[in-house]
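can't give you the sequence, but here's the structure:
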């Protein structure tokens, strides 16, 4: 009896630590974002205080509003997602379901492109975009975002296409459907869920991206990930506002992550070499 | 009905890389015939069906449908319908939409399609399931939908790819009868692939026996039963299998191998041409099957007795083959008449 | 059919296989369709990955200093010779190795321990899976910023507060070279352990029960069951996690950049960061390209080794 109780208590403690460790930083940021300037600097750190939305007001509507940044992030992420899906879905279908000689090599190629370290891409991109005047443009940054979102989206969609029973195309062919009609009316409706999950992950990865944004951004292209630095400088850190920006930056991806909960493992593990997102 | 459904398969060769799936297959199907493609796995029967359907193209040879060379014609253009082994129903569509799909591909209007769908559903008795999705149906119901989708087009020929192999035994017998009845009613050519010789024997007008990409024999079920042209067909058709005896006993008849079916051996406990010991006795009530160990052959002989034959393991029995039912085969396994 | 004559099989002539043929008409049609579908993707991939890579190798053979353009020009493999003699390169390589190895091992061990723990819980598994999602979907940049500011800032940060309360005193978490490295490793581990946790939990859940029952009947104790049954069965999943996390750790950027920027000095400067700083802070793009190429080669070598290990299992 005693060991059973001990085990239960031990389990509870470890559980508590786990939850605490992984929830706390996020929780603490949210708390800090709701404090006023004094409370945030209080020592020892305050858990209970009078919440205020002052930080959010400042960050969203104040002089250093991040609304343009949010819009910029949205344009980049949405643009990347749309372009990626338009290219990746047909390509993934061809790789997964059509008899193509050399499709194995094509598959390896897609896989290999994921091994290129981002810093290896950003250097040539920087030089090229500078020369053709596409620095600080949406088309420039969406183009480079394709370098990581395309291979990922292709691999993820391939796994969804492969789940469809293999005789679908043949039944449709015997029924008289053209290849395009088959893809449109028979295959795509069956991977709707997969498409939704892929969209979530592509958007998420684009939203979170940092390195390319740091190098290529300017007045037009300024996603939220670099907006944080507006609130940190050598002289001072605007703590509550920094917290508010962090929370706002986290919000879309957390919501998407919760929506795609059941598919997280699949989305993260596909694409054998890289998974989970951009560093 | 669109076409007559006359099929000619001329000397078709199909290579997959260096592997020869079909080595010169040749047969004819008369309009309205129920034609079975029978053979063990790997014999090329599914490959043949796929080429007939237009899903694959032969490496050499011709496929002629209703006097038209369709060898290069894609499945989309061909006037055949197919029932797949896994049914291949469209899971995101209702039963009605599944059946309507081929008609939509023919660019028929909604007004035309609706009554045809209803009619086809009635013929396979699923008209009460039209609004369901395939996922909500049982195996037998799904198969009916697959058949309904095939018949709604009234094609020149129906192709069946081992349709009963996914059903349990009881359902299988029932569906066999239904498909046969359907054939009687529609009178359309049906090409039916199976590895089960009972299915082929009971349903087909004509059977082609395939092995390793070659035609072993073409003929009616009765032809294959009474006059097999080689030892393979002789051993493949008929259950239990024909006894094929080599060695001294065959020499006595002047040939390499003799064959006698279990049901053509007379049993006696007193006297007979061959003698042996009962190894296993299977008493079914309606029949008795004995597996007899005998010096004339290295494997036990199978013998059938009508009704109950009271012998047991270890008993000595005497077997006499009916001379007029004895088959003779030469060194190559070919029949000698 | 006359008597005593063997009856020939209908396909009488002996079969001679035809010479090797190319694709038949139907296969060619299908290939055309597939090519049309694949073309945009390959053009896009070539343009966004292959072409830049070739360009990178090209620029690595140049001296290209945006600050001092009068020295620019083709230098062949001079950059690479310089690289081999560069102590900062070797240090960044060793930092990369330490960082990668430490965080991957930590992620796997922690993730496995947690997965085993949660596996045996009757209720609450859903809660854990929910919590695990949060860190992995966040931007590493935001994670870095949050840790740097709210957790590790002396006195203000929670970690420092806990350290003071525990009697260890305030530490310069990001200013001391050793502690800085520990900090970035901890941050990276914090963010990605839930990933290992989720993957291993899913893998554990898919293990068949009957093996364990058979083992219990064979009177194997819980430790033995873990060691001889669970672990070997989990090996494919563990190897996959290792491969994936290694790739990510080698090219980690945001998480370190936002926290320490590579400092203090070069204490947390992994090769990735060194290449970046060389190119965009010191504006020596030629040499920076060479560093990036070196990183690519290291990545390829390591993934080759890992894939071989995976195949050997």
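Structure's in. What do you need? Every value quoted in this text rests on a predicted model; they were computed, and no experiment measured them.

From here on, just use CA atoms for contacts and neighbour counts.
Noted.

Quick one: neighbours of the closest residue to residue A:46 other than its chain neighbours, just the number.
Spatial nearest neighbour of residue A:46, chain neighbours left out: residue A:39 (6.9 Å); criterion: Cα to Cα, 6 or more residues apart in numbering or on different chains. Here the count is done by other Cα atoms under 10 Å in any protein chain shown, and residue A:39 has 18 residues near it.

Kindly report the same for the one 10 residues further on.
A total of 12 residues lie near residue A:49 under the criterion other Cα under 10 Å.

now residue B:186
A count of nearby residues for residue B:186, using other Cα under 10 Å, gives 14.

what about the single nearest residue of chain A relative to chain B, neighbour count?
Closest approach of chain A to chain B (Cα to the nearest Cα) occurs at residue A:176, with a separation of 4.0 Å. Residue A:176: 25 surrounding residues under other Cα under 10 Å.

go on, residue A:84?
Neighbours around residue A:84, by other Cα under 10 Å: 29.

picking that back up, the residue of chain A closest to chain B belongs to a helix, doesn't it?
No. Under the criterion used here (DSSP: H, G, I helix; E, B strand; the rest coil), residue A:176 is coil, not part of a helix.

do you know how far it is from residue A:90?
Remark: distance between residue A:176 and residue A:90 (Cα to Cα, to the nearest Å) = 21 Å.

looking at it, the residue of chain A closest to chain B is touching residue B:74, isn't it?
No. Assessed by Cα atoms under 8 Å, residue A:176 is found out of contact with residue B:74, at 9.3 Å.

what's the overlap in contacts for these two?
Taking Cα atoms under 8 Å, 6 or more residues apart in numbering or on different chains as the contact rule, residue A:176 and residue B:74 have no neighbour in common.

What residue in the stretch 1-150 of chain A comes nearest to chain C?
In the stretch 1-150 of chain A, the residue found nearest to chain C is residue A:91; the distance is 4.5 Å by Cα to the nearest Cα.

Can you classify residue C:261 by secondary structure?
Assigned by three-state DSSP, the conformation of residue C:261 is coil.

again, but for residue C:156
Assigned by three-state DSSP, the conformation of residue C:156 is coil.

Give me the phi and psi for it.
The phi and psi values for residue C:156, taken as degrees, to the nearest 10, are phi -80, psi -40.

Just give the number of residues close to it.
18.

any idea how far it lies from residue A:39?
For residue C:156, the distance to residue A:39 equals 11 Å [Cα to Cα].

count of neighbours near the residue in the stretch 201-313 of chain C that chain B sits nearest to?
Proximity of the stretch 201-313 of chain C to chain B (Cα to the nearest Cα) peaks at residue C:206, 24.3 Å away. Residue C:206 has 9 neighbours, counted by other Cα under 10 Å.

Ok, residue B:199 next?
By other Cα under 10 Å, neighbour count at residue B:199 equals 19.

mind listing what it touches?
For residue B:199, the contact set (Cα under 8 Å, 6+ apart) comprises residue B:176.

Any figure for the gap between residue C:37 and chain A?
Per Cα to the nearest Cα, to the nearest Å, residue C:37 is found 5 Å from chain A.

Just to check, that residue is in contact with residue A:91?
Yes. Counting by Cα under 8 Å, residue C:37 touches residue A:91, with 5.3 Å between them.

Could you tell me which residues of chain A lie near chain B?
Taking Cα under 8 Å from any Cα of the partner chain as the criterion, chain A approaches chain B at residues A:165, A:167-168, A:170-171, A:173-178, A:186, A:189-190.

Separate out the buried members of these.
Buried members of these, counted by 16 or more other Cα atoms under 10 Å in any protein chain shown: A:168, A:170-171, A:173-178, A:186, A:190.

Show me which of the residues you listed is closest to residue C:108.
Using Cα to Cα, the shortest approach to residue C:108 within those belongs to residue A:190, at 35.4 Å.

okay but that closest one is in contact with residue A:164, surely?
Yes. Contact criterion Cα under 8 Å: residue A:190 and residue A:164 qualify, at 7.4 Å.

Spit out the residues that contact those two alike.
Counting by Cα under 8 Å, 6+ apart, residue A:190 and residue A:164 have no contacts in common.

residues contacting the closest residue to chain A within the stretch 51-200 of chain C?
The nearest approach of the stretch 51-200 of chain C to chain A comes at residue C:139, 4.4 Å away (Cα to the nearest Cα). Counting by Cα under 8 Å, 6+ apart, residue C:139 touches A:207-210, A:225, A:250.

mind giving me JSON lines with those residues and columns for distance to chain C?
Shown next, in JSON lines, are the contacts of residue C:139 (distance: Cα to the nearest Cα, whole Å):
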{"residue": "A:207", "distance to chain C": "8"}
{"residue": "A:208", "distance to chain C": "4"}
{"residue": "A:209", "distance to chain C": "7"}
{"residue": "A:210", "distance to chain C": "6"}
{"residue": "A:225", "distance to chain C": "7"}
{"residue": "A:250", "distance to chain C": "6"}
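
What are the boundaries of the helices in the stretch 101-250 of chain A?
A:103-113, A:118-132, A:138-162, A:168-174, A:179-181, A:192-208, A:211-216, A:224-227, A:239-259 (DSSP state H, counting those that start in this stretch).

Show me what the mean pLDDT comes to for the first one.
In this model, helix A:103-113 has a mean pLDDT of 82.

Buried residues in that helix, which are they?
Residues of helix A:103-113 classed as buried: A:107, A:109-111, A:113 (neighbour count, 16+ other Cα under 10 Å).

How about the third one?
Within helix A:138-162, the residues that count as buried by 16+ other Cα under 10 Å are A:138, A:140-161.

The shortest one too?
By 16+ other Cα under 10 Å, helix A:179-181 has no buried positions at all.

what's it in contact with?
Here helix A:179-181 makes contact (Cα under 8 Å, 6+ apart) with A:173, C:33.

Report the distance from that helix to the chain centre.
A distance of 32 Å separates the C-alpha centroid of helix A:179-181 from that of its chain, computed with Cα atoms, centre = their mean, to the nearest Å.

and what of the longest one?
The gap between the average C-alpha position of helix A:138-162 and the chain average comes to 12 Å, counting by Cα atoms, centre = their mean.

Direction-wise, compare it with helix A:103-113 and give the angle.
130 degrees (axes from the mean of the first three to the mean of the last three Cα atoms, to 10 degrees).

now helix A:138-162 against helix A:192-208, angle please.
Orientation of helix A:138-162 against helix A:192-208 (the same axes, to 10 degrees) gives an angle of 150 degrees.

touching chain C at all, helix A:138-162?
Yes. Under the criterion of Cα under 8 Å from any Cα, chain C is reached by helix A:138-162 at A:143-144, A:146-147, A:150-151.

next structured bit after the helix or strand of chain C with the lowest mean pLDDT?
Every helix and strand of chain C was ranked by mean pLDDT, DSSP states H and E. The lowest is helix C:222-224, at a mean of 74. Later in the chain than helix C:222-224, the nearest helix or strand by DSSP states H and E is helix C:231-250.

Can you point out the buried residues in that following helix?
C:234, C:237-250.

contacting residues for the residue of the stretch 51-200 of chain B found nearest chain C?
Residue of the stretch 51-200 of chain B nearest chain C, by Cα to the nearest Cα: residue B:57 (6.5 Å). Residues counted as contacts of residue B:57 (Cα under 8 Å, 6+ apart) are B:14, B:51, B:71-72, C:24-26.
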